[in-house]
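K.L.:
build me a model:
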Amino acid sequence: MSVEHASMRIIDGYTRGDTDIAADEVWALEAHLEGCGACRDRLSAAVTAEAPAVASLVDTVWSGLEPQLAAAAPTPPRRRWSAPLSAWMTPVMVPWLAMATGVTLIALLLDVVGSDPGSGWGSGDVSLVLLLAPVLPVCGVAASWSRGLDPAYELTASTPRAGLYLVLRRTASVLAVVVPALLLGGWVTGVTAVQWLLPCLAFTSTTLALGGAVGVTRAAVALVAVWAAVVVAPTLAAGRTSFALRTGVSPVWVLIIGLGIGVVIARRGAYSVLGAHR
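P.N.:
Numbers count the residues shown, from 1 in each chain. So this is what the prediction gives:
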């Protein structure tokens, strides 16, 4: 299988620190260098030829570090599953995912045994699982891309694989945990998957779409507040399922999902800056 290597024009310009190289070319080169030893060798040769002062500085630093590294204890080998897992998740997501799963189970418990049949809970007129399903993934997505929760957010945003690539991976990991829990809750309570899955995906895509402009955390908080005020509160007050959660509204949710995905793709570069962590 042939591998397309970086051109010498980009490598030489990257070595000299040229400012006329497009940002996407720089990020693509850095991502390519992670896994291509041949291009790393070409970059090393270019540094020696184009920037001898930098090469001399690297040699000086290395000559001082080499004896210390040789005397240091070897790093324990990483577990096989840790590298793939770290590419999809961040440790700050774990408590939020656990909370989302716990809230789903509590809502399921209340739907099944926690209410008087005369109040509407036991009869299935109002389902807490259905009410909470759209906003539960939003909390995990916000936690996975939040300046206040992730102490390594600056390093994350500056890596070659940051941006939409990493946002989608973390969003997929959130859905992979939350959706099965909601699927179980919907199956037990008799709520169809269409009723909760489409709003769930619509809110997730809308959070990402708005997150490129105002920050993922701010978008998540705003959407959760709107959902609580417009749907949750009136539904609990009336004791019957809101029109927004009935199967007849499914085409509207599909349209929102499509619009959200379109905005995310159109503004994919917005997730490569620190503003997306707001």
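K.L.:
ok, now which ones touch F203?
P.N.:
Neighbour list for F203: 134-135, 137-138, 223, 227 [criterion: C-beta atoms under 8 Å, 6 or more residues apart in numbering]. Heads up, the C-betas are built off the backbone N, CA and C, glycines and all.
K.L.:
mind pulling the model confidence for G262?
P.N.:
In this model, G262 is scored at 90, pLDDT.
K.L.:
now it, what's its secondary structure?
P.N.:
Look at G262: counting by DSSP: H, G, I helix; E, B strand; the rest coil, its state is helix.
K.L.:
any idea which of the contacts of F203 is closest to L197?
P.N.:
For these, the minimum distance to L197 (C-beta to C-beta) is 9.6 Å, reached by P134.
K.L.:
just want the phi and psi numbers for the closest one.
P.N.:
phi -60, psi -30 (degrees, to the nearest 10).
K.L.:
what's the burial count for the closest residue to it other than its chain neighbours?
P.N.:
Of all residues not flanking P134 in the chain, P199 sits nearest, at 3.8 Å (C-beta to C-beta, 6 or more residues apart in numbering). Applying other C-beta atoms under 10 Å, we find 25 residues neighbouring P199.
K.L.:
distance of P199 from A31?
P.N.:
Distance, P199 to A31, using C-beta to C-beta, to the nearest Å: 35 Å.
K.L.:
what's the host helix or strand of L57 in contact with?
P.N.:
L57 is part of helix 52-71 when elements are defined by DSSP states H and E. By C-beta under 8 Å, 6+ apart, the list of residues contacting helix 52-71 from outside reads 47-48.
K.L.:
now that helix: mean pLDDT?
P.N.:
81.
K.L.:
what does the pLDDT read for T206?
P.N.:
According to the model, T206 scores 90 on pLDDT.
K.L.:
that one touches I256, doesn't it?
P.N.:
Yes: T206 sits in contact with I256 when judged by C-beta atoms under 8 Å, with a separation of 6.4 Å.
K.L.:
the two: who's more crowded?
P.N.:
More crowded of T206 and I256, by other C-beta under 10 Å: T206, with 23 against 18.
K.L.:
which residues touch the closest residue to that one other than its chain neighbours?
P.N.:
Residue nearest to T206 in three dimensions, not counting chain neighbours: G260, with 4.6 Å by C-beta to C-beta, 6+ apart. By C-beta under 8 Å, 6+ apart, the contact list for G260 reads 202, 204-206, 208-209.
K.L.:
in the protein, which helix is the longest?
P.N.:
The helix that spans the most residues within the chain, counting by DSSP state H, is helix 164-189.
K.L.:
show me what it is packed up against.
P.N.:
Counting contacts by 3 or more C-beta pairs under 8 Å, 6 or more residues apart in numbering; DSSP states H and E, helix 164-189 packs against helix 82-88, helix 93-113, helix 128-132, helix 136-144, helix 193-214.
K.L.:
switch to 6 Å and redo it
P.N.:
Contacts defined by 3 or more C-beta pairs under 6 Å, 6 or more residues apart in numbering; DSSP states H and E place helix 164-189 against helix 93-113, helix 136-144, helix 193-214.
K.L.:
check the offset of the helix or strand following the longest one from the chain's centre.
P.N.:
Going back to what we said before, that points to helix 193-214. The helix or strand immediately downstream of helix 193-214 is helix 216-227, counting by DSSP H and E. Offset of helix 216-227 from its chain centre (C-alpha atoms, centre = their mean, to the nearest Å): 15 Å.
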